[in-house]
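S.K.: make a model of this:
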Amino acid sequence: MKKTAFITGATSGIGKATAINFALNGIDLVLCGRRQERLDALKEELGKEVKVHTLNFDIREKDSVQKAISSLPKDFAKIDILINNAGNAHGLDTIQEGSVDDWDAMLDINVKGLLYVSKALIPQMVERKSGHIINIGSTAGKEVYPKGNVYCASKHAVDAINQGMRIDLNPYGIRVGAVNPGLVETEFSNVRFKGDENRAENVYKGFQPLKPEDIADIIHFVITRPYHVNIADLIVMPTAQASSTIVNKS
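M.R.: As a prediction, the model looks like this:
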């Protein structure tokens with residue numbers, strides 16, 4: 001049976017790679033993001049393979065989230081797979097030097113945005129007693145590293161929400177799991193360092209980081225397991241990475 005996936009943060013990185021992977025595997029798409037021109041380009045590219053609908057909204061604004069999801073046309077209204085991918089890191093500072101604006105951005109996007117989208121889509125899954133939710137976490141949700149304080153807190157929250165969501169939705173046969181990547185070369189560090197490209201590039205020098213396509217392959221593997229199999233929590237790092245602070249750079 002043909003399925004439809006709803007992907008947040010679909011215009012770059014893991015979200016974009018997952019959209020491309022899903023399209024090549026015949027999964028219809030609802031792609032969400034804030035950059036309309038990128039959504040349009042993806043729709044034109046992937047629309048040759050599957051049906052694609054785009055939603056342009058800011059995940060931090062709960063009214064915008066609800067309005068956008070309520071606007072889904074009939075062909076895209078039934079969501080089988082939810083990929084809660086949208087997330088950002090802002091700044092790398094000690095707790096005493098951290099920016100409150102950065103804290104708000106991380107908590108609003110990584111935690112509250114995930115909740116707003118989930119809240120809007122879960123009821124239909126509960127009603128049908130079917131669905132699959134993948135929450136994109138991070139190794140930062142499993143440990144805390146220097147100057148990672150609030151970003152790590154936001155990803156620890158995703159870890160807790162993932163566990164709680166799986167418990168609450170268990171009676172309805174809805175599969176819930178998390179994929180927690182380590183170092184993936186995306187726009188992540190450009191955002192964290194506020195456009196400082198040299199600083200961002202140095203994060204990935206001296207070793208081979210994961211690529212967005214690596215994570216997309218894993219996500220596709222997770223969603224294509226037999227119904228009785230639920231991959232509840234998966235951590236993936238590049239071979240060169242042993243932890244958030246130990247990376248073999250040669």
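
S.K.: for this protein, which segments count as strands?
M.R.: For the chain, the strands defined by DSSP state E cover 4-7, 28-33, 52-56, 81-84, 132-136, 175-181, 233-236.

S.K.: closest to the centroid, which residue in the protein?
M.R.: Central residue of the chain (Cα atoms, centre = their mean): N85, 1.2 Å from the mean position.

S.K.: quick one: residues contacting it.
M.R.: Remark: with contacts taken as Cβ atoms under 8 Å, 6 or more residues apart in numbering, N85 is in contact with I7, T8, G9, A10, I14, G15, T18, I136. Glycine gets a C-beta too; all of them are placed from N, C-alpha and C.

S.K.: got it, and P209?
M.R.: Residues counted as contacts of P209 (Cβ under 8 Å, 6+ apart) are L183, V184, E185, P238, A240.

S.K.: next, format those as a markdown table and append neighbour count and pLDDT.
M.R.: Putting those into a markdown table (neighbours: other Cβ atoms under 10 Å; pLDDT from 0 to 100) gives the following:
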| residue | neighbour count | pLDDT |
| --- | --- | --- |
| L183 | 21 | 95 |
| V184 | 22 | 95 |
| E185 | 18 | 92 |
| P238 | 20 | 97 |
| A240 | 17 | 97 |
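
S.K.: returning to what we had before: for I133, see how far away the residue nearest to the centre of the chain is.
M.R.: Applying Cβ to Cβ, to the nearest Å, one obtains 11 Å for the distance of N85 from I133.

S.K.: check S118 too.
M.R.: 7 Å.

S.K.: ok, those two, which is more surrounded?
M.R.: For the pair S118 and I133, the greater number of neighbours falls to I133 (25 against 20), based on other Cβ atoms under 10 Å.

S.K.: and the more buried one, bridged to which residues?
M.R.: Assessed by DSSP bridges, I133 has beta-bridge partners L82, V176.
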